[in-house]
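> quick check, what structure comes out for this input:
(one chain, ligands or ions: 1)
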Amino acid sequence: MARENPLAVLVVEDEASIRRGVCDVLAFHGHAPEGVERGDTGLQRALTKQHALVILDVMLPGMNGFEVCRELRRQLPGLPILILTARGAESDVLEGFEAGADDYVTKPFSVAELMARVDALLRRAGANGPAAEEAPFRFGAWHVDPAELRASRGARAVELTRREVALLALFAREAGRILSRRRLLREIWGFAEPDRIETRTVDMHIAKLRKKLAASSDAPIETVRGEGYRFVG
Ligand code: CA
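As a prediction, the model looks like this:
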């Protein structure tokens, strides 16, 4: 799968087999991967060469993934960062978001899973604002019609804004996953470099949406310990 302009992707992972595997998959998909073993070396590479995306393991020699992430976020606020976390370690995901990561993949992951996250991040990085979602979809017990800006459930119907439809579509697509406020601000609001201050915007919109859908049990959007939200479809 050749690309006209291969995108440089930095892979910071100390486990050789995973690093090589990820690099191979990226190369196969037309990207230009660069594998690095240590956290401090990874940080240095990311700061000296322009990359479209950084894939970052957490437990690394030299400097751990959270520290690298924090430093990258400070110096390169717009750089998409995907962290690799251990299965079941939700605290890693939350600490990663806290450090400024955009998204995560839990180990062990499949090639399809990894590439879905990579593609989404790269797409998002180049996108502005909410994507047009026109096909109707289900959100818990609700039927959402984007063209009509309406959600219905039996005889009940509520009007939605375009942004609320985009939010519901994203939650539906990513059911069961934790979505950081940072990601929501990027993807739904189109902020390239979201700031902590703007996170209240997300909270207010989610609160309003929950109220509209009376979403206690039919379509629950969970708050994940101050870091983000999750639709438990
Ligand atoms: Ca490791």
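
> ok, whatever residue of the chain ends up closest to the ion - how many residues close by?
Minimum separation of the chain from the ion (C-beta to the ion) falls at M59, amounting to 3.9 Å. The C-beta positions use only the backbone N, C-alpha and C, and glycine is treated the same way. M59 is surrounded by 15 other residues when neighbours are defined as other C-beta atoms under 10 Å.

> how close does it sit to R117?
Taking C-beta to C-beta, to the nearest Å as the measure, M59 falls 19 Å from R117.

> next one: D40
Here the criterion is C-beta to C-beta. By it, D40 lies 25 Å from R117.

> look up phi and psi at the residue sitting furthest away from the middle of the chain.
Ranking residues of the chain by C-alpha distance from their mean position (C-alpha atoms, centre = their mean) puts A155 at the top, at 34.7 Å. Summarising the backbone geometry of A155 under the convention degrees, to the nearest 10, its torsions are phi -90, psi -10.

> so for it, what pLDDT did the model give?
In this model, A155 is scored at 87, pLDDT.

> for A131, same thing?
At A131, the pLDDT value in this model is 50.

> what does W189 give?
Here the pLDDT value assigned to W189 is 82.

> and the strands in the chain?
Assigned by DSSP state E, the chain shows strands spanning 8-12, 32-36, 53-57, 81-86, 103-107, 137-139, 142-145, 150-153, 156-159, 179-180, 221-224, 228-231.

> pick the most buried one from the ones you listed.
Relative to the other members of the strands of the chain, strand 53-57 carries the highest mean neighbour count by mean count of other C-beta atoms under 10 Å, namely a mean of 27.

> tell me the mean pLDDT over it?
The average pLDDT for strand 53-57 rounds to 97.

> what does stretch 11-23 give?
In the prediction, stretch 11-23 has an average pLDDT of 97.

> now do stretch 106-120
For stretch 106-120, mean pLDDT rounds to 91.

> outline the domain layout of this structure.
Domain ranges of the chain: 8-125, 137-231, per automatic domain parsing.

> worst mean pLDDT among the ones you listed?
Note on the domains of the chain: lowest mean pLDDT is at domain 137-231, with a mean of 85.

> distance of the most centrally placed residue in the chain from M63?
Nearest to the geometric centre of the chain sits D103, at 3.4 Å (C-alpha atoms, centre = their mean). Going from D103 to M63 by C-beta to C-beta gives 21 Å.

> rewinding a little: got the contact list for the residue nearest to the centre of the chain?
Listed by C-beta atoms under 8 Å, 6 or more residues apart in numbering, the contact set of D103 reads L82, I83, R117, A120, L121, S180, R183.

> keep those, but drop any that are not near the ion.
Taking C-beta under 5 Å from the ion as the test, the ion is in contact with none of the contacts of D103.

> state the pair within these that is farthest apart.
Pairwise distances across the contacts of D103 (C-beta to C-beta) peak at 14.3 Å, for the pair I83 and A120.
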